[in-house]
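Q: Sharing a sequence plus its predicted fold:
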Amino acid sequence: MILPPAAGTVRYSARTHVGNVRRVNEDSLIALPELGLWAVSDGMGGHDGGDFASQTVTEALATLPPDLPPGELMRAARDAIQAAHRTIVAEAERRGGVTIGATVVVLILAGEHFACLWAGDSRLYRCRGGHVTMLSHDHSVVAELVEAGRLTWAEAERHPQASAITRAVGVGDEIDIDKRRGDVLPGDRFLLCSDGLSRYADEAMIAEVLAATPIETVADALLQLALDGGGADNVSVIVVDAA
């Protein structure tokens, strides 16, 4: 699915896939180019629980007004995620106290600047001059072990708790949403993805595709990386080319 906005602005492509194993896609994504906002959410909780959670997140973001200045847009996006958190918590209680939730990563572009909001292990990368940098950091058990120097990332991917996250929308009394701001240069390319990509394709593989593949086919190429690598999870990707 290729979704270019109006000429003279950014171009982007997006794909989501159930993967090779699962029957239900618990991922959800949203593209609002008129706002300069894109997001990926990865649900947890199984079947209707996970997809309810991820869709609640993206539906909350879809209600954002179209004419907000960038600073207000970031605050409004954060408020929308907080509202989704409360909705998911209430639904989990209604279902008898089960645990359901979702990760989220949001990219906002405004001229020469970007902002990122995230909770969980869905990621934002930037490709600049062929070099890829992860702009978010995972809220996960293994990420904390890597940061403490107890694991390498290669070891973390094989760890028994590789999929255990420490922060999710809908889990806990409150949700702590991380944020990051930075500059945007002409030619910058951004990737938002669920862990269905990052678990099955390492950073070097992702960098090679981002650096060499045109916008029309880059989302498909990244999706194929995940499927060829095992594809045991849902996978969602959005690639955004800065103007």
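A: Ah, there it is. Residues are numbered from 1 along each chain as shown.
Q: List the contacts of residue 37.
A: Contact partners of residue 37, counting by CB atoms under 8 Å, 6 or more residues apart in numbering, are 30, 61, 64, 73, 77, 106-109. Where C-beta positions appear, they are placed from N, C-alpha and C, glycine not excepted.
Q: these two touch, right, residue 31 and residue 16?
A: No: Residue 31 is beyond contact range of residue 16, at 11.3 Å (criterion: CB atoms under 8 Å).
Q: Neighbour count for the two, which is higher?
A: residue 16 (22 against 19; other CB atoms under 10 Å).
Q: That one and residue 236 touch, don't they?
A: Yes: if you go by CB under 8 Å, residue 16 and residue 236 touch, sitting 4.1 Å apart.
Q: any shared contact partners between these two?
A: With CB under 8 Å, 6+ apart, residue 16 and residue 236 have common neighbours 27-29.
Q: Which member of these is positioned nearest residue 169?
A: residue 28 (11.4 Å; CB to CB).
Q: so the residue nearest to the closest one when sequence neighbours are not counted is in which element?
A: Using CB to CB, 6 or more residues apart in numbering and skipping the chain neighbours, the partner closest in space to residue 28 is residue 54 (3.8 Å). In this assignment (DSSP states H and E), residue 54 forms part of helix 47-62.
Q: list the helices and strands that helix packs on?
A: Counting contacts by 3 or more CB pairs under 8 Å, 6 or more residues apart in numbering; DSSP states H and E, helix 47-62 is packed against strand 27-32, strand 37-44, helix 70-94, strand 101-110.
Q: average model confidence for the third one?
A: By that I understand helix 70-94. Over the span of helix 70-94, the pLDDT mean works out to 96.
Q: Could you pull out the buried residues of stretch 130-141?
A: 132, 135-141 (16 or more other CB atoms under 10 Å).
Q: I misspoke; the intended subject was stretch 199-212.
A: Here stretch 199-212 shows 199-201, 205-207, 209-210 as buried, counting by 16+ other CB under 10 Å.
Q: Which residues outside it are in contact with it?
A: 125, 127, 130-132, 134, 154, 157, 162-163, 189, 191, 197-198, 218, 221-222, 225-233, 235, 239.
Q: In strands, which of the residues you listed appear?
A: 125, 127, 131-132, 134, 189, 191, 235, 239 (DSSP state E).
Q: Of the residues you listed, just say which sits nearest to residue 86.
A: residue 235 (28.3 Å).
Q: Now do that closest one against residue 85, distance only.
A: From residue 235 over to residue 85 the distance is 24 Å, taken as CB to CB, to the nearest Å.
Q: which residues of the protein score low on pLDDT?
A: 1-9, 46-47, 142-144, 146, 151-163 (pLDDT under 70).
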